[in-house]
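Asker: have a look; sequence and predicted model below, questions after that.
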Amino acid sequence: MAENQNVKDEREILIKVRNLKTWYPVKKGLLKRTAGYVKAVDDVSLDVYKGEILGVVGESGCGKTTLGKSILQLIKPYSGQVLYGTGEGEDLMTMKKKELDMMRSKMQIVFQDPYSSLNPAFTIFRSMQEPLLRFGMKNKAERKAKIASLLEAVNLPADYMERYPNEFSGGQRQRIGIARALSVSPEFIVCDEAVSALDVSIQAQVLQLLKDLKEKYGLTYMFITHDLSVVEYISDRIVVMYLGHIVEAADTEELFENTLHPYTQALLSAIPIADINMRRKRIPLQGDVPSPVNPPSGCPFHPRCPKCMDICRKERPKPVTIYRNGKPHMTCCHLVEAE
């Protein structure tokens, strides 16, 4: 299944990630010498298109949260490039602190836990005014008006700004977190498991809110989650990660209808179906995820893969891209290479 070089994707790219590695040193001995690295993100390259919702999925520990924070430079990557902006883009990795601070108005994050992402000693107004002060809004009346409009944008009354976080439910706190992320008018928002701590009914409300805000403000999202049902609902395109690598990436409908990688097939087989007349054959994965300190040779998924071949144990598969209806579908699998 060879790559079709004649088809060009016309979508505008907002962020280019190239050969990104985020490794954490493992120190040993009295002298604390580096004995190895935890390879949380290992040689990842991807594009984030302007105006899309890019879903990032995988098991716990696959590196998806580290990828999101590395793109925002909240975690300093070991090496690689993160180019922000249409056209050539600016490399966030080479920016000085002052330059990077100015870029933060374009990039924001909504954290997983709505209970710990807000300071319990601060009112909502005080928590939300900090980014506004940092980026030059000195007039208090202007800040109050801005915060009131943001709270109303996430369907909360403006007078909630005078209350404390302990007075709100989890869903309300997450809405406040979203409003705070919007306060500096960003272009790109990373949603790190933004609904995983919420009840299912509240999840649906927050997901719809995120979609509405995307259309209203022209936002681009990276939506990180382990829940494939959620990512199918909200995402335009999906990236599947395993052990710090991207193993498959495609538009949402294409990925669910024509899954190529055995790992993605196993994940999709685990999605519960409410209809008892529709049964999906479960694909169980054997063993645990290997250690990112000492990853296996060849394909990182081969110790757990039910379709493992000899070449999978020896050689790491190269990315293979096919095109359907002009849209790319990438995977890293020797089975696809052999077709």
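Answerer: Nice, I can see it.

Asker: where are the low-confidence patches of this protein?
Answerer: 1-9, 274-280, 337-339 (pLDDT under 70).

Asker: and the top helix by length along it, what does it pack against?
Answerer: If each helix of the chain is counted by residues according to DSSP state H, the longest one is helix 200-217. On a contact count with 3 or more C-beta pairs under 8 Å, 6 or more residues apart in numbering; DSSP states H and E, helix 200-217 meets helix 170-182, strand 220-224, helix 228-234. For every residue, glycine as well, the C-beta is placed using N, CA and C.

Asker: if you count neighbours, what's buried in the second one?
Answerer: Taking 16 or more other C-beta atoms under 10 Å as the basis for neighbour counts, the residues of strand 220-224 that come out buried are 220-224.

Asker: now do it and helix 200-217, the angle between them.
Answerer: 160 degrees (axes from the mean of the first three to the mean of the last three C-alpha atoms, to 10 degrees).

Asker: name the helices or strands packed onto strand 220-224?
Answerer: Counting by 3+ C-beta pairs under 8 Å, 6+ apart, strand 220-224 packs on strand 33-49, strand 53-57, helix 64-71, strand 188-192, helix 200-217.

Asker: quick one: which of these is nearest C308?
Answerer: Smallest distance to C308 across the helices and strands packed on strand 220-224 (C-beta to C-beta): 20.1 Å, for strand 33-49.

Asker: just the buried positions in that closest one, please.
Answerer: Those would be 37-42, 44, 46-49, for strand 33-49 by 16+ other C-beta under 10 Å.

Asker: over to stretch 147-165?
Answerer: For stretch 147-165, using 16+ other C-beta under 10 Å, the buried residues are 147-148, 150-151, 153-154, 156, 160-161, 165.

Asker: of those, which pair is most distant in space?
Answerer: A153 and P165 (19.0 Å).

Asker: surely K144 is in a strand?
Answerer: No: K144 is assigned helix when assessed by DSSP: H, G, I helix; E, B strand; the rest coil, not a strand.

Asker: I figured it hits D159, correct?
Answerer: No: proximity of K144 to D159 does not meet the contact threshold set by C-beta atoms under 8 Å, at 10.8 Å.

Asker: center of the chain, which residue is that?
Answerer: The C-alpha lying nearest the average C-alpha coordinate of the chain belongs to I224 (C-alpha atoms, centre = their mean; 3.5 Å).

Asker: and that residue, how far from E193?
Answerer: Distance, I224 to E193, using C-beta to C-beta, to the nearest Å: 6 Å.

Asker: which residues are in contact with both of those two?
Answerer: Counting by C-beta atoms under 8 Å, 6 or more residues apart in numbering, the residues touching both I224 and E193 are T65.

Asker: give the contact list for I15.
Answerer: With contact set as C-beta under 8 Å, 6+ apart, I15 has these partners: 47-48, 71, 82-84, 89, 188, 220.

Asker: relative to E59, how far out is V200?
Answerer: For V200, the distance to E59 - C-beta to C-beta - is 21 Å.

Asker: between these two, tell me which one has more neighbours.
Answerer: Using other C-beta atoms under 10 Å, the more surrounded residue of V200 and E59 is E59, with 16 against 9.

Asker: what's the helix or strand for the more buried one?
Answerer: E59 belongs to no helix or strand when elements are defined using DSSP states H and E.

Asker: pull the number of nearby residues for the nearest residue to it once chain neighbours are set aside.
Answerer: Spatial nearest neighbour of E59, chain neighbours left out: V289 (6.1 Å); criterion: C-beta to C-beta, 6 or more residues apart in numbering. Residues contacting V289 under the criterion other C-beta under 10 Å number 18.

Asker: for the one 3 residues further on, same thing?
Answerer: Other residues near P292 come to 22 when the count uses other C-beta under 10 Å.

Asker: where does it fall, phi/psi-wise?
Answerer: Main-chain torsions, P292, degrees, to the nearest 10: phi -70, psi -10.

Asker: in space, what's closest to G55 - neighbours in sequence excluded?
Answerer: G55's closest residue in space is S235 (C-beta to C-beta, 6+ apart), at 3.3 Å.

Asker: pretty sure the one you found is touching Y49, no?
Answerer: No: counting by C-beta under 8 Å, S235 sits too far from Y49 to count as a contact (11.9 Å).

Asker: I figured Q73 was touching E90, is that so?
Answerer: No: applying C-beta under 8 Å as the test, Q73 and E90 come out as separate, 11.9 Å apart.

Asker: more neighbours: these two, which one.
Answerer: More crowded of Q73 and E90, by other C-beta under 10 Å: Q73, with 18 against 14.

Asker: quick one, phi psi at the more buried one?
Answerer: Dihedral angles (degrees, to the nearest 10) for Q73: phi 60, psi 20.

Asker: how near is it to G87?
Answerer: Q73 is 20 Å from G87, by C-beta to C-beta.

Asker: related to what we said a few turns ago, and which of the contacts of I15 is nearest to E257?
Answerer: Distances from E257 to these, taken by C-beta to C-beta, are shortest for D47, at 21.9 Å.

Asker: partner residues bridging the closest one?
Answerer: Per DSSP bridges, the residues bridged to D47 are K16.

Asker: what residues are up against it?
Answerer: Listed by C-beta under 8 Å, 6+ apart, the contact partners of D47 are 13, 15-17.

Asker: now a ChimeraX select for only the buried ones of the residues you listed.
Answerer: To isolate the buried ones among the contacts of D47 in ChimeraX, judged by 16+ other C-beta under 10 Å, type:
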select :15,16,17
